[in-house]
Every structure is written in C-alpha cells, then in structure tokens.
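[1] next one to model:
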Amino acid sequence: MDVLYPICCGLDVHKASITACLRRVGQRGRVTQETRTVGTTTAELLGLCDWLVAAGCTHVAMESTGVFWQPVCNLFEGHFHPVLVVNAQHVKAVPGRKTDTLDAEWLAQLLQHGLLRPSFVPPAPIRELREATRYRKQLIRARGDEANRIPKLLEAANLKLASVVTDILGVSGRAMLAAVVRGETDAAGLARLAKGRLRPKHAQLVAALTGRSTPVQRTLWGHQLTHVEFLDQAIAALDAVILALMTPYQPEADRLRTITGIEQRTAEPRIAELGVDMAQFPSDRHCAAWAGLCPGNHESAGKRKSGKTRKGSQWLRAASHTKSYLGAQYQDRPPAREETRDRRGVPQPPRDRLPPLQGRHHLPRPRP
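    Predicted coordinates:
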C-alpha cells in the first residue's frame, strides 16, 4: 500500500499513561518503530510532544476512552496537523493479541497508509462552548430533579399544595414553603401569602395547607429550597458565560433562529455540538447520521436485520426535545414494532420543503 505519511505516531491514551509508537519509513522502504510509555501530566505530555517534533513527526492519531484525549489534543494542536482522534471500534486489533504497545503500533501503521477515519473534533473555542452548554444542561436537569423532590415530601406531610398551585416554586409557593420551614402551622396565615391569581383560591389553599409536618421534613424543605435557589443562580451565571462565548457565532445563531421552533437557547447547543463549519460533513444527511437522528442500516442476504438508531449525540437529542416543529418531528415516530423498526428515527424533510409554521397551534400532534 502507498505510504502517505513517512513519519507518524500512534497513541494509545489512558488515564495515567500513554503508549506512543513512532513509525518511520526510509527511502528504501525500510520501516522502523520506536515505542515509549509516558505519564499524562503536563510536563510529560510536553516532553512527548518535543520528542515527536524532534523526530520530524507530522501526523498523530490516538484512540482513547472518555475524555482522556482532551489534554493531549489541547497540547498537541499547533504542532501536528491534524491530530486525529479515532473510534476504538473502527481500529480493533486481532482478538487475543491486545496490548497497549500493539494498539499503538497498529494505529501508527493504519495512519501511515491513510486508513483511519477521524472523529469530529471541533476547534478549541467551540469545545469551550460545548463544555459550558453541556454543564448548563446538567444543572437544569439537577434543578428539575431537586424541584420534583419538594412535592413528594409535601405529600408525605399531607400538604396538598401541588394540587392547588401550578408552580410551587413560584412567588406564592416559595413564600408559603419558606413560612412552613420557619415553623408556621396556621393554614389560614399561610394561605394569605398567596399573590395574584391565587388569592381567590383562599379556601382551597387553607384545606391544602392543613397537614402535619415534622422538624426533619421542615429541615429537608429548607435544604431543597436553598439548593434550588443556588442552581437558579448558577444557571443564570452560565447563561452570561455562554452568551459571551457565542459572540463570534451570533450571526450563525441568528440564521438558525430563522427556522421555526429554534430560539437562542436551543441554537446555542446546536452550534456547540456541530460547530459552524459544515464542511466537516459531506451533506446534511451525513450530519443527521453522525448525530444519531436517523435510522440505522443493517442488511444481510437481502434482508433488513435492524434499523435502530445509533447512539449518536445525546446532547443533540436533548436539544430536539422542544415544543416546536422540530420537537414534534422528533416525537412523531411509529411505535417500536417489528414491522416498523426500520423507519425509526427523526424524519429528515428537505430544507426547502419545511412548512411555514407560525404558531404552536399549527404543530403536528405528537403520537403517544
């Protein structure tokens, strides 16, 4: 096979160690290999980088699990072009001959002949935006989990506040809960804390707030309310950070917002996960396949074995769960039955055929 890169390196990256194989091809076609195992501290990674640069290495490929590839990629960017991060499933070695050294040698050999398919790694600014948007999503989920614990504990005390108040963490709900935490037991006094539209429901609130709470339950409510307030502040602070990181990409976000159902909050994770350079994907269908939002393809002997969607990006899937046209398209899937399993996934209508929807009342009703 043709040699594309005479001097290259394969890295098998782990949490505490990295096995590197430097592979050279001489003018007469003689292949030489040199293997080293180093740690993953910054000083050791810089030493590995200096060794490869001094050897004339031009291309580096690595396989890694989790996030262990990130520090290597951050330090090696600018010294080697490109730094390939490959999927371990695509470069499996022969069963029974699996060691870190053999993995590094196999990576270097495949890289030298151009047989590796790199994973999509966005530029450093997009990676920072991705970390911020993902962390914000995790905080929002944590906030939802904590908010769901409050009505469960209220039920244990036979306080039916959630049956009368739509949002128990609104202004009125928080005022009543804060009073309960302080030890207030007078249901009529608690009901008088209602604001706005809740005031006409005074009698219902009195009945709902008549219960028996223990000191332990009141302590738990206090911690839960404090935690929710902390998460609200953290999410607001992250919103400001993400807004600053989005400044260079605001024109692309504004363009995304022209799609019905996409707002600033839903455009940010899409840019964070996909970037703004669509040249990474040959077509929109390739992009949807990479995200795991289209049916899979498994055919053998003329029979379709399965059409289940691939794992893809859970963060892009989460961004599709919106009360919009795109969210309805995501949910409007046939049941997972044998005869329809090859049609699962998100429908991919042509871009120029999206209906000009103007409001939520035009959205297709999701199937149960």
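[2] can you give me the strands in the chain?
    Under the criterion DSSP state E, the chain carries strands at the ranges 7-13, 18-25, 31-38, 59-63, 83-86, 298-300, 303-306.
[3] starting at the chain centroid, how far to the last one?
    Same thing as strand 303-306. Its chain's C-alpha centre and that of strand 303-306 lie 30 Å apart, by C-alpha atoms, centre = their mean, to the nearest Å.
[4] partner strands of that strand, parallel or antiparallel?
    Next to strand 303-306 in the sheet, as set by DSSP bridges, lie strand 298-300 (antiparallel).
[5] buried ones in the strand it pairs with, by neighbour count?
    Judged by neighbour count using 16 or more other C-beta atoms under 10 Å, strand 298-300 contains no buried positions. Heads up, the C-betas are built off the backbone N, CA and C, glycines and all.
[6] could you list the residues in contact with it?
    304-307 (C-beta atoms under 8 Å, 6 or more residues apart in numbering).
[7] in CSV, list the strands of the chain along with mean pLDDT.
    Below are the strands of the chain laid out as CSV (pLDDT from 0 to 100):
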stretch, mean pLDDT
strand 7-13, 93
strand 18-25, 94
strand 31-38, 93
strand 59-63, 93
strand 83-86, 90
strand 298-300, 79
strand 303-306, 78
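[8] among the ones you listed, which comes closest to Asp232?
    strand 83-86 (36.0 Å; C-beta to C-beta).
[9] how far off centre is the closest one?
    20 Å.
[10] now stretch 100-113
    Distance of stretch 100-113 from the chain centroid (C-alpha atoms, centre = their mean) equals 30 Å.
[11] got it, and stretch 156-165?
    Averaging C-alpha positions (C-alpha atoms, centre = their mean) puts stretch 156-165 35 Å from its chain's average.
[12] give the buried residues for that stretch.
    Buried residues in stretch 156-165, counted by 16+ other C-beta under 10 Å: 157, 159-162, 164-165.
[13] once you drop chain neighbours, what's closest to Thr37?
    Distances taken as C-beta to C-beta, 6 or more residues apart in numbering place Thr19 nearest to Thr37, at 5.0 Å, with adjacent residues excluded.
[14] that neighbour reaches Asp12, doesn't it?
    Yes: using C-beta atoms under 8 Å, Thr19 is in contact with Asp12, at 4.4 Å.
[15] quick check: neighbours shared by these two?
    100-101, 103-104.
[16] what about burial for these, which qualify?
    100, 103-104.
[17] same for the longest helix seen in the chain, what does it pack against?
    Criterion DSSP state H: the longest helix present in the chain is helix 124-156. Under the contact definition 3 or more C-beta pairs under 8 Å, 6 or more residues apart in numbering; DSSP states H and E, helix 124-156 sits against helix 161-164, helix 215-245, helix 264-274, helix 314-320.
[18] same thing but at 10 Å, please
    helix 69-76, helix 161-164, helix 171-181, helix 215-245, helix 264-274, helix 314-320 (3 or more C-beta pairs under 10 Å, 6 or more residues apart in numbering; DSSP states H and E).
[19] picking that back up, for the shared contacts of Thr19 and Asp12, which one is nearest Glu263?
    Nearest to Glu263 among those, with distances taken as C-beta to C-beta, is Asp103, at 44.6 Å.
[20] so the closest one makes contact with Thr37?
    No: using C-beta atoms under 10 Å, Asp103 makes no contact with Thr37, being 11.9 Å away.
[21] so what sits against both of the two?
    Listed as contacting both Asp103 and Thr37 by C-beta atoms under 10 Å, 6 or more residues apart in numbering are 12, 19.
[22] tally of neighbours for Ile235?
    As a burial measure, Ile235 scores 16 neighbours (other C-beta atoms under 10 Å).
[23] shouldn't it be in contact with Ala132?
    No: at 11.3 Å, Ile235 and Ala132 do not qualify as touching, with contact defined as C-beta under 10 Å.
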